[in-house]
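**Q** Just to be clear, the model below is a prediction. Sequence and coordinates:
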Amino acid sequence: MPTKLVILDRDGVINFDSAQFIKNPAEWKPIPGSLEAIARLSQSGYKVVVATNQSGVGRGLFDMETLNQIHTKMHKAVVALGGRIDAIFYCPHAADSKCDCRKPKPGMFKRISETLNVELKGVPAIGDSLRDLQACAAVGCLPMLVLTGKGEKTKSEGDLPEGTLEFRDLSAAVDSILKETTP
């Protein structure tokens, strides 16, 4: 039985994405049902971790203080609904950097495994882009594609990791996770 952990991408899964990046707390707007879905996971005993590429920091579009303000807004919005995000892991590097943490590389997922001292095999990881799914599949997570954000485009382009499950949105993915674990 995998650890009761779910790993979520942020932009396009929890909140609406933007081609111009989410550069400040005012631009961070949750996708309907996503915060409630996170609350349902928390209330069912799951740890919820966010793994997000945030190259806007590396590109100088916003600073760490602003990223922290965006994440504080997200945390408070989830808490207001009775949920919790246990940790946020992010890659602040620009797309052309040689880091190991930027998805599709698996470094961020390895850090989650080491930091939380958990085995990631079979852990649901929910994303809207191919790079999210590739990074999670590289460490044995269960790739789950949502059709929000870039999800429709990702699905139409194909070449998804083997065993990728598809869902309308985060709420539908969480329904499936909770159904699987309910006795």
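**A** Great, that's in hand.
**Q** what helices or strands is the helix or strand hosting Ser113 leaning on?
**A** Here Ser113, judged by DSSP states H and E, is contained in helix 107-116. Applying 3 or more CB pairs under 8 Å, 6 or more residues apart in numbering; DSSP states H and E, we find helix 107-116 packed against strand 5-8, strand 47-53, strand 87-91, helix 130-138. Where C-beta positions appear, they are placed from N, C-alpha and C, glycine not excepted.
**Q** Run through the helices of this structure in chain order.
**A** 34-43, 55-58, 64-79, 107-116, 130-138, 151-157, 170-181 (DSSP state H).
**Q** now, of these, which is deepest in the fold?
**A** The highest average neighbour count among the helices of the chain, using mean count of other CB atoms under 10 Å, belongs to helix 130-138 at a mean of 23.
**Q** just the angle between that helix and helix 107-116, please?
**A** 50 degrees (axes from the mean of the first three to the mean of the last three CA atoms, to 10 degrees).
**Q** Closest to the centroid, which residue in the protein?
**A** Nearest to the mean C-alpha position of the chain, by CA atoms, centre = their mean, lies Asp9 at 1.6 Å.
**Q** give me phi/psi at it?
**A** According to degrees, to the nearest 10, the main-chain angles of Asp9 amount to phi -70, psi 160.
**Q** just checking, it touches Leu130?
**A** No: using CB atoms under 8 Å, Asp9 makes no contact with Leu130, being 11.4 Å away.
**Q** quick one: which of the helices of the chain is nearest Thr3?
**A** Proximity to Thr3, assessed across the helices of the chain by CB to CB, is greatest for helix 107-116 (8.0 Å).
**Q** picking up where we left off before, pLDDT on the helix holding Ser113, on average?
**A** Helix 107-116 comes out with an average pLDDT of 97.
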